[in-house]
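**Q** mind looking at a prediction? Sequence and model below.
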Amino acid sequence: MAENRRAIYNRRAGYIWLCLFLRLILIAERDGKMYDVIIIGGGVVGSSIARELSKYDIKVLLIEKEDDVASGGASKANSAILHAGYDPVPGTLKAKLNVRGNEMFDELCKDLDVPMKRVGSLVAAFSQDEVDSLYKLYDRGLKNGVKNMSIISSDMVKEIEPNINDTIVAALYAKTAGIICPYGFVIALAENAAQNGVEFVFNQEVVSIDREDDVFRVKTQDSEYFSKYVVNAAGLYADVINNMVSDKHFSIHPRKGEYLILDKEEGYLANTVIFQVPTKMGKGILVSPTVDGNLLIGPTSEDIFNKEFRKTTYKGLEKAIKGAKKSVEKFNERKTITQFTGVRAVPDVDGEDFIIGESDVKGFINVAGIESPGFTSSPAIAEMVREILKDAGLKMAEKDNFNPKRKPVIRFNELTDEERNELIKREPAYGKIICRCETVTEGEIIDAIRRPVGAKSIDGVKRRVRAGMGRCQGGFCSPRVLEILSRELNVDPLSVTKFGGNSNILTAKAKEYVANLYKELLKSEV
Amino acid sequence: MMEYDIVIIGAGPAGLGAAVEAYEKGVRDILIIERDSYPGGILQQCIHNGFGLIEFKEELSGPEYAERFIEKVNKYGIKIMLNTMVLNISSDKVVKAVNQENGVMEIKAKAIILAMGCRERPRGAISIPGTRPAGIFTAGTAQRYVNMEGYMPGKEIVILGSGDIGLIMARRFTLEGATVKAVVELMPYSSGLTRNIVQCLDDFGIPLLLSHTVIEIRGKERVEGVTIAQVDENKRPILNTAKYLSCDTLILSVGLIPENELSKSAGIILDPVTGGPLVNESMETNVEGIFACGNVLQVHDLVDNVTKESRLAADSAVKYIKGLLKQEGKFINAKAGSCIRYVVPQTVNYENIDDKVKFHMRPTDVFKNAYISVKSGGKEIMRRKMQRMTPGEMILIEIKKDKFLDNDLHPVDDITFEVEVV
């Protein structure tokens, strides 16, 4: 009897101990996933904030629903431009952050080893009416604090842009405007943030956020993470994230723009970013060189209702071509190598200004509606968010070991022959060219995969090293890149994707379908 | 700096053929540079048969055809530098190339033969609107996956363009157990060889939809389907004929572009229509001592013709080295007249004609019972009856040396090729 009771007691005690143990594990696990700040969204805004916060001694996590940074939304596909800052209405966040952001790019691009060129921009006026608009823009620019602007005559425009149409009357010339590779910049920010301790999770979509005892629980489809502060940088989906937490709902609607990229042979046609006089739908269709020497034309501007409705259309592409011909007739649209659609995240608020600030829920900070000039503003937005976090009570001590420099990227194409030979001797993979159109070596591709926040898909490699971005658009190199990804990531070639999710390139081993057909045939005969 | 008599760029059929010919004409100091890890070029992945009917009078597969030349190259001990990419060529014939063993090298050549082949036109070049999911391949890339890597790029397939590789892949996919729902062709005729339409589509009941195009690609991550529509005479889609085809893969076989980035680096002038260098009767480009042959010069339908062209280029390179190729002389322009898309060669140096000159050309459309008329100064110098002409099949016209002379026995200034419909 006594023994029996003892057994029961023992069992009970064991049970209690087990419960305690499990509870401990839970807490430990939660501690393991406890952060000071969780950033939702790995676009230019989220990554800029991550990099800014990586200067401080705090624990930061960035959650991204796609398989890479700058992969899902506006940061991947846009005009690739640093705006001077004469467009936004004076006094708005857009105006302030655009001008400040623009100034920050020289140092950032140097530290992060990102190609950027301050080629300047022209707003081209082709009629007297349009010239009047130039003066309005010029005034705005002055009020916004834009430096190095002038209105120049057609002769001077022609000197800068010999290929602009002869109907040019005058232009607003802004020397501080520039061109940059947008996803290249975001990738560099993310890499540097990761080098300095920011954690990244990919392929995780936030499904709910609740707050209990001053701690946010951010649930994704597979996991959950805890933090004291949440920064909502979810771009097109910032409304969805906000509405999970805040009672003050807003909505973001997508405005799409279609673009074409032309072969490098057409790149000579523009030296600066050539804008047209803006309308209320945007800054008009531009003609611009890209940092890689191609010619970019677009975007159209069209409000759409479905955020996933990111496709190009006959009408849109035609409109972009027609619109661009107003500035530069000479380009040959048959030299198009690719086309894409970008989506701006337009907030449904008065004046369409950025929504940046702590929401009605303490510790939940919105960085939403960051449409153009969002890219240019992003470094200034990151500073602003840092200050908001500080004001909201986050203790931020500067790290003494913050390294602002990203691990340098070797670009074979830019090396001298002596440098190339030295490199190949040291690492023979740099002697094997994988992408012939853009002269990209195997060494560069391996590096892109092995870096912090490295490439995991064909598009990830493409965005980092340009393999597949040239005139053959990956026809030659994509099977080879797939092979390298499969080897480096140690995965079956069948599971290599174009951009994560179910975007697998290959569907079966050869002979598998035939074997299945044969099996079915045998079955039916029985 | 390494030095060679002849440097050949590319070890596909054109490069291999040129190397064998140059050797047989007495040149020993030959280097072939190839970027792949084995010679043969695109023939390696062309495992179907139909090669060599003219050259060897038998039906070979692509690798077998290549092997005949590779064996000779090996037997003759001609040097092939594999896994080596040429970075550029200078107009004084210095080739800069890179590989893992030697790093960046400079190689000086007395003569260069360009044999880099061609590449496929990608989606962007034909601007199909829609999304950008996985599952869009050019026919040659798909062929590489299936035949060389051993993987299937899809199961339910629509092919846009009826170029030969597209047709061959329609059959290949079917044999592999995939379903080819349709081959969609923008033009009112196929740009492929008739025999391929019969053997690759008709024999398997695959529909060929002429005067149709893909107007939209759908699917977010993977292709889910395409919308096709008929086109009018201006190639504009007729929207009320639009039809949705579900599929997981879109294969593009919409044309080949000669790969001439290296040629441009040497200052070679290209023909805007062929995309290949402008050449004379000896296959010599505007840069003295640089010759071109095969698909880098003009896109061929048959490898046998590539081989022939490579012999001519190699013979000329050998003559050039020996100082037998005349650079001065009387130049005759060969022009594409009405209903002819292009003519190769574009010029003829009368002094270099042995017996006759072979001109290759393509018509702009399909013609039945028409003539090819060759005119000079308004006078017809030759006329050939053609039962059927189609842009998908290259036409060869040979003109004897004496035909290039006018009444005073002086070489004419130019000759024009035209289609005459009766």
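**A** Great, that's in hand.

**Q** do a quick rundown of the strands in the stretch 251-400 of chain A.
**A** A:252-262, A:273-276, A:286-289, A:295-298, A:302-303, A:336-347, A:355-358, A:364-368 (DSSP state E, counting those that start in this stretch).

**Q** reformat the ones you listed as TSV; add mean pLDDT, distance to chain B and mean neighbour count.
**A** Bear in mind the C-beta positions are built from the backbone N, C-alpha and C, glycine included. As requested, the strands of the stretch 251-400 of chain A are exported to TSV (pLDDT from 0 to 100; distance: least, Cβ to the nearest Cβ, whole Å; neighbours: other Cβ atoms under 10 Å in any protein chain shown):
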stretch	mean pLDDT	distance to chain B	mean neighbour count
strand A:252-262	92	7	24
strand A:273-276	96	22	26
strand A:286-289	96	18	26
strand A:295-298	95	12	27
strand A:302-303	86	13	14
strand A:336-347	88	4	23
strand A:355-358	97	27	18
strand A:364-368	97	24	26
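
**Q** Serialize these to a markdown table and add fields for distance to residue A:468.
**A** Formatted as a markdown table, the strands of the stretch 251-400 of chain A follow (distance: least, Cβ to Cβ, whole Å):
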| stretch | distance to residue A:468 |
| --- | --- |
| strand A:252-262 | 13 |
| strand A:273-276 | 26 |
| strand A:286-289 | 21 |
| strand A:295-298 | 18 |
| strand A:302-303 | 28 |
| strand A:336-347 | 10 |
| strand A:355-358 | 36 |
| strand A:364-368 | 32 |
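
**Q** and residue A:473, which of the ones you listed is closest to it?
**A** Closest of the strands of the stretch 251-400 of chain A to residue A:473 is strand A:336-347, at 6.1 Å (criterion: Cβ to Cβ).

**Q** can you list the strands that the closest one pairs with?
**A** Partners of strand A:336-347 in the sheet, by DSSP bridges, are strand A:252-262 (antiparallel).

**Q** ok and the partner strand relative to strand A:364-368, angle-wise?
**A** Angle of strand A:252-262 versus strand A:364-368, following axes from the mean of the first three to the mean of the last three Cα atoms, to 10 degrees, is 40 degrees.

**Q** CA-only coordinates of strand A:252-262, as PDB, when you get a sec.
**A** C-alpha atoms of strand A:252-262 as PDB (Å, rounded to 0.1, in the frame of the first residue of the first chain):
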ATOM      1  CA  ILE A 252      -1.600  50.900 -49.000                       C
ATOM      2  CA  HIS A 253      -2.600  50.600 -52.600                       C
ATOM      3  CA  PRO A 254      -0.300  49.500 -55.400                       C
ATOM      4  CA  ARG A 255       0.600  51.700 -58.300                       C
ATOM      5  CA  LYS A 256       2.400  49.900 -60.900                       C
ATOM      6  CA  GLY A 257       5.000  51.100 -63.400                       C
ATOM      7  CA  GLU A 258       6.200  49.100 -66.400                       C
ATOM      8  CA  TYR A 259       9.800  49.400 -67.600                       C
ATOM      9  CA  LEU A 260      12.100  48.200 -70.400                       C
ATOM     10  CA  ILE A 261      15.800  47.600 -70.200                       C
ATOM     11  CA  LEU A 262      17.700  48.000 -73.500                       C
END
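
**Q** show me what from the stretch 201-350 of chain B comes close to chain A.
**A** Along the stretch 201-350 of chain B, the residues adjacent to chain A under the rule Cβ under 8 Å from any Cβ of the partner chain are B:215-217, B:220-222, B:237, B:248-249, B:261.

**Q** rerun at 7 Å
**A** B:215, B:220-222, B:248 (Cβ under 7 Å from any Cβ of the partner chain).

**Q** wait, residue B:422 sits on residue B:367?
**A** No. In this structure, residue B:422 is not within contact of residue B:367 by Cβ atoms under 7 Å, at 9.9 Å.

**Q** which of these two has more neighbours?
**A** Neighbours per residue (other Cβ atoms under 10 Å in any protein chain shown) separate residue B:422 from residue B:367, with residue B:367 holding more: 20 against 8.

**Q** distance check, that one against residue B:390.
**A** Relative to residue B:390, residue B:367 is positioned 8 Å away (Cβ to Cβ, to the nearest Å).

**Q** and chain B, is stretch A:205-214 touching that?
**A** No. Counting by Cβ under 7 Å from any Cβ, chain B has no neighbours in stretch A:205-214; the shortest distance is 13.9 Å.

**Q** check residue 403 and give its pLDDT.
**A** Defaulting to chain A. Per-residue pLDDT puts residue A:403 at 98.

**Q** oops, wrong one, chain B.
**A** pLDDT for residue B:403: 94.

**Q** need the phi and psi values for it.
**A** Per-residue torsions, residue B:403: phi -70, psi -20 (degrees, to the nearest 10).

**Q** isn't it right next to residue B:381, touching?
**A** Yes. Counting by Cβ under 7 Å, residue B:403 sits close enough to residue B:381 to count as a contact (4.9 Å).

**Q** in chain B, where's the longest helix?
**A** The helix that spans the most residues within chain B, counting by DSSP state H, is helix B:303-321.

**Q** now it: how far from the chain's centre is it?
**A** 15 Å (Cα atoms, centre = their mean, to the nearest Å).

**Q** show me what it is packed up against.
**A** Applying 3 or more Cβ pairs under 7 Å, 6 or more residues apart in numbering or on different chains; DSSP states H and E, one finds that helix B:303-321 makes contact with helix B:13-24, strand B:103-114, strand B:290-292.

**Q** find the closest residue to chain B in chain A.
**A** residue A:513 (3.0 Å; Cβ to the nearest Cβ).

**Q** that residue touches residue B:178, doesn't it?
**A** Yes. Under the criterion of Cβ under 7 Å, residue A:513 makes contact with residue B:178 at 5.6 Å.

**Q** quote the end-to-end distance of stretch B:81-100.
**A** End-to-end distance of stretch B:81-100 (Cα to Cα, to the nearest Å): 11 Å.
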